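A.B. asks: Structure for the following, please:
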Amino acid sequence: MNKGNVVIGVLAGVAVGALLGVLFAPDKGSETRKKLSRRGSDSADELKDKFDELFNSLAEKFENAKEDASDLYEKGKQKAEEIKKDVRVHMS
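C.D. replies: Residues are numbered from 1 along each chain as shown. Predicted structure coming up:
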């Protein structure tokens, strides 16, 4: 199970727990609706923050992999040029 799924699962569990806690609390309906709205907004903000962190982490890993691939390509290209020069020298 990857880290993103765990974070989403935990946040969903927290949201469901908060919802059930508010629904079974002995408050008036209007107070309950306000609490639900506030907690839903808080949970949505937390989820968005976690998603942003996950996205930024993935974007950083992608950029690093892209740089590594570019470096590997350049090294391979240089090695191929060296081999071509060696072949020309030995063929002459």
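A.B. asks: Any stretches of the chain with poor pLDDT?
C.D. replies: 1, 22, 27, 32 (pLDDT under 70).
A.B. asks: Which stretches in it count as helices?
C.D. replies: Assigned by DSSP state H, the chain shows helices spanning 3-23, 29-91.
A.B. asks: what would the ones you listed look like in JSON lines with mean neighbour count?
C.D. replies: Glycine gets a C-beta too; all of them are placed from N, C-alpha and C. JSON lines is the format used below for the helices of the chain (neighbours: other CB atoms under 10 Å):
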{"stretch": "helix 3-23", "mean neighbour count": "13"}
{"stretch": "helix 29-91", "mean neighbour count": "11"}
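A.B. asks: which residues does the most centrally placed residue in the chain contact?
C.D. replies: The C-alpha lying nearest the average C-alpha coordinate of the chain belongs to residue 54 (CA atoms, centre = their mean; 2.0 Å). Residues near residue 54 by CB atoms under 8 Å, 6 or more residues apart in numbering: 3, 4, 7.
A.B. asks: With adjacent residues omitted, what lies nearest to the second one?
C.D. replies: It refers to residue 4. residue 54 (4.9 Å; CB to CB, 6 or more residues apart in numbering).
A.B. asks: same thing with the last one?
C.D. replies: Leaving aside its chain neighbours, residue 7 sits nearest to residue 50 (4.9 Å; criterion: CB to CB, 6+ apart).
A.B. asks: Next, work out how far apart the one you found and residue 31 are.
C.D. replies: 28 Å (CB to CB, to the nearest Å).
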